[in-house]
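K.L.:
this is a predicted model, with the sequence first.
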Number of protein chains: 2
Amino acid sequence: MSNSEPSERRKRRGADNPTLADVARESGVSTITVSRVLNSPDSVRQTTRERVEAAIERIGYVRNMLAGSLASANSRFIAVIVPSLSNVVFIEVIHGLQTTFEKHGYQILLGNTEYDIRREHELVQTFLGWSSSALVITGLRHDAACTAMLKRWQKPVMEIMELGQGIDLNVGLSHYDAGRCMAQHLLDQGYRRIVYAGAQMDGNYRARLRYEGHRDLLEAHGLEAPLAEWPDASALEIGAKAFRHVMVQRSGTDAIHFADDTLAAGAILHANRAGIRVPDDVAIAGFTGLPFGQHITPRLTTIVSPREAIGRIAAQQVIARLEGKAVDASVCDVGFELCVGEST
Amino acid sequence: MSNSEPSERRKRRGADNPTLADVARESGVSTITVSRVLNSPDSVRQTTRERVEAAIERIGYVRNMLAGSLASANSRFIAVIVPSLSNVVFIEVIHGLQTTFEKHGYQILLGNTEYDIRREHELVQTFLGWSSSALVITGLRHDAACTAMLKRWQKPVMEIMELGQGIDLNVGLSHYDAGRCMAQHLLDQGYRRIVYAGAQMDGNYRARLRYEGHRDLLEAHGLEAPLAEWPDASALEIGAKAFRHVMVQRSGTDAIHFADDTLAAGAILHANRAGIRVPDDVAIAGFTGLPFGQHITPRLTTIVSPREAIGRIAAQQVIARLEGKAVDASVCDVGFELCVGEST
DNA sequence: AAAACAAATGTTAGCGCTAACATTCGATCC
DNA sequence: GGATCGAATGTTAGCGCTAACATTTGTTTT
């Protein structure tokens, strides 16, 4: 394989894979020309390029991305930080990000904070250490030191899901308005004793923002806005539990506004099994607009957020910035849509 | 900030962030000592360590992972390649992998092939270029060149989901047996005109393996085993469509064995809306054991595969290998479990 | 045909870190 | 008190690549 005269001094480990220099030797050009064939093929004459490509093929060269990234101080990594992988919403956002970034040759580094703000800070540090080209992070509220660090950072920072002026770029929707919108719908339908039910609302402050919108509207109408919180992560099972709990503890409730579709669907499916009529006995509303809400009976009234679009748009804006194009708005409202089913 | 006497020769870009050398100067030790504080703190005297840590804090040093990985030829990246991010199954596997790897300080590089075998090969090449510490890949069937490349690779390769002797390590279950098991259950229940229905079965050969198990058993009993394929990706909507199609085109069918729970649930929910009784008019079976199958009415008969456990066990075995421990079995059968609901 | 210029390729010096070997230091032994 | 040894720290030389500048080659202009 490689020439291995036992050098007088120490040798470095080295997986002994072919390097750029091997390709260069094999094809009779300099290393930088090989580098150019890999990174900007148009700047190399076609005949040269073909010779180099043949050599790469012949010796089975695999480029070392670490070395390239170190030398150019740019890794084409996009750090993506989400609070949960159990929630389909973030999966869909990641999907939108992935598809778009991948097309442009960027690789995602995925971090999961589990709704822990210190974990978030750690992940940011690590990802900066990988010379990420940009960072996409969920929400607008971070550790103070973390925010400061990102503001100093010279590369694009995209905050998603929630709407507002943040560190740099932003794509999201107003959760306060969404909560308010659903509360208005419930009032319009004639419901007056409305409970808001959510899971893990201490960490998930976007659910809390929706609650605040809901509460403010109800209180403006002179109504109470009781909140039922659950410490577990959102799941169908938890929706069913919360439903049973509310029905027992707060009899007289005529509508439950759930923090997300999973909880709401869990409630409806449980009601079906238990013979409780939705919406005649109690109305159920959700948030997110997951497909299965439209397949259950009664169809779930919910607020549809454009999850995959958030990922796609966020990625497009980041890519535009990385390619030197100016991004017009630093705050992008993707909006939401009330989707009325038969559950309210 | 940094000393910047205009050197006589060119200067390199350089984000001008603090480096190990800055920390070393600040704390009066050599760079390697700082490196040791970061990588093997126990090998440094406590007083020295504290001095270095204070300096790191003071000047806001963020370590450059690229440089470290290049120098040590080891990135602590784990390449993970899955065929889809739209399928919850892979999300749960990824979750199991992530949680376990993260605890041990490994970062996942996620690749999505979209069931394209050439895309898979490309991803493998890229990920090897990142000096990944190990690779976790879905399935046992790859591009020949890709398999060869991985066999030459000196690091752990873990093939998951499907069971069998592969490149190196393996954690999964027998899809053939699972398909056969469900077919046996349907026969036991007295069904004789059974259709197997799947989505995207040209790319998803694990669904096809389940079909083969199903078919072989039925044929051994002198029964036909018709197959209804759908070109779209699996979704509730597609399950409903496939259900309608089978009911019209193959009237007399008394059971439908779906390739996955999403399709099966879509069928049941559609039947509910259309007033078709399950299982009286037609029985429905699925595969995977997603939670919502147990929340719908009738509860879905399915085969539960331990998705998250596959991720966790795979990660544990890879970590054991990376830490030099011998891994006993190179093939690990996680098995599956028939879960009988009221839908059959 | 020389001058002028653009395109293609080459030379050199790092990017920031760690492996390998070298040295120093302090404690223990006889 | 010098030999012995392990623990702590230091010196040096890259890891494999690319930015910046330098040179060569080819093409046009006058």
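P.N.:
That came through, no problem.

K.L.:
ranges for the helices of chain A?
P.N.:
Along chain A, the segments classed as helices by DSSP state H run A:20-27, A:31-39, A:46-59, A:65-72, A:88-103, A:117-129, A:144-152, A:175-188, A:205-220, A:236-249, A:261-274, A:307-322.

K.L.:
highest average neighbour count across those?
P.N.:
Mean neighbour counts were compared across the helices of chain A using mean count of other C-beta atoms under 10 Å in any protein chain shown; the top stretch is helix A:261-274, at a mean of 24. Bear in mind the C-beta positions are built from the backbone N, C-alpha and C, glycine included.

K.L.:
show me what it is packed up against.
P.N.:
Where contact means 3 or more C-beta pairs under 8 Å, 6 or more residues apart in numbering or on different chains; DSSP states H and E, helix A:261-274 is packed against strand A:194-199, helix A:236-249, strand A:255-258, strand A:283-285.

K.L.:
let me have the ones you listed in TSV, extended by mean pLDDT.
P.N.:
Formatted as TSV, those follow (pLDDT from 0 to 100):
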stretch	mean pLDDT
strand A:194-199	97
helix A:236-249	96
strand A:255-258	98
strand A:283-285	98
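
K.L.:
out of those, nearest to DNA strand D?
P.N.:
For DNA strand D, the closest of those is strand A:194-199, at 46.9 Å, according to C-beta to the nearest atom of the strand.

K.L.:
now do residue A:95 against residue B:96, distance only.
P.N.:
Separation of residue A:95 from residue B:96 (C-beta to C-beta, to the nearest Å): 19 Å.

K.L.:
so how far is stretch A:181-200 from its chain's centroid?
P.N.:
27 Å (C-alpha atoms, centre = their mean, to the nearest Å).

K.L.:
and stretch A:204-219, by the same measure?
P.N.:
From the chain centre to the centre of stretch A:204-219 is a distance of 22 Å (C-alpha atoms, centre = their mean).

K.L.:
other residues contacting that stretch?
P.N.:
Residues from elsewhere that reach stretch A:204-219 (C-beta atoms under 8 Å, 6 or more residues apart in numbering or on different chains): A:83, A:115, A:139, A:141, A:161-162, A:175-184, A:187, A:194, A:196, A:198-201, A:224-225, A:227, A:257, A:259-260, A:287.

K.L.:
rewinding a little: tabulate the helices and strands packed on helix A:261-274 in a markdown table, adding columns for distance to residue A:319.
P.N.:
Output for these, formatted as a markdown table (distance: least, C-beta to C-beta, whole Å):
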| stretch | distance to residue A:319 |
| --- | --- |
| strand A:194-199 | 34 |
| helix A:236-249 | 37 |
| strand A:255-258 | 36 |
| strand A:283-285 | 36 |
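
K.L.:
mind putting those in a markdown table, distance to DNA strand C included?
P.N.:
As requested, the helices and strands packed on helix A:261-274 are arranged in a markdown table below (distance: least, C-beta to the nearest atom of the strand, whole Å):
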| stretch | distance to DNA strand C |
| --- | --- |
| strand A:194-199 | 41 |
| helix A:236-249 | 43 |
| strand A:255-258 | 47 |
| strand A:283-285 | 51 |
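
K.L.:
show me what contacts residue A:309?
P.N.:
So residue A:309 contacts A:96, A:334 (C-beta under 8 Å, 6+ apart).

K.L.:
if we use 6 Å, what do you get?
P.N.:
By C-beta atoms under 6 Å, 6 or more residues apart in numbering or on different chains, residue A:309 lies in contact with residue A:334.

K.L.:
next: residue A:111.
P.N.:
Applying C-beta under 6 Å, 6+ apart, we find residue A:111 in contact with A:81, A:123.

K.L.:
picking up where we left off before, which of the helices of chain A sits closest to residue B:315?
P.N.:
With C-beta to C-beta as the criterion, residue B:315 lies closest to helix A:117-129 of the helices of chain A, at 18.4 Å.

K.L.:
report the backbone C-alpha coordinates of that closest one in CSV.
P.N.:
What follows is helix A:117-129, C-alpha atoms only, in CSV (Å, rounded to 0.1, in the frame of the first residue of the first chain):
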residue,chain,number,x,y,z
ILE,A,117,-32.3,24.6,29.6
ARG,A,118,-28.9,23.7,31.0
ARG,A,119,-28.7,20.7,28.6
GLU,A,120,-29.5,23.2,25.9
HIS,A,121,-26.5,25.4,26.8
GLU,A,122,-24.2,22.4,26.9
LEU,A,123,-25.4,21.3,23.4
VAL,A,124,-24.8,24.8,22.0
GLN,A,125,-21.2,24.8,23.3
THR,A,126,-20.5,21.4,21.8
PHE,A,127,-22.0,22.3,18.5
LEU,A,128,-20.1,25.6,18.3
GLY,A,129,-17.0,23.4,18.9
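
K.L.:
for the stretch 201-344 of chain A, give me the ranges with low pLDDT.
P.N.:
In the predicted model, the stretch 201-344 of chain A carries no residue with pLDDT under 70.

K.L.:
near chain B, which residues of it show up?
P.N.:
Proximity of the stretch 201-344 of chain A to chain B, by C-beta under 6 Å from any C-beta of the partner chain, involves residues A:236, A:269, A:272, A:291-292, A:295, A:297.

K.L.:
give me the subset of these touching DNA strand D.
P.N.:
Contacts with DNA strand D within these, counted by C-beta under 7 Å from any atom of the strand: none were found.

K.L.:
for those residues, work out which two are farthest apart.
P.N.:
Maximum pairwise distance among those (C-beta to C-beta): 18.3 Å, between A:272 and A:291.
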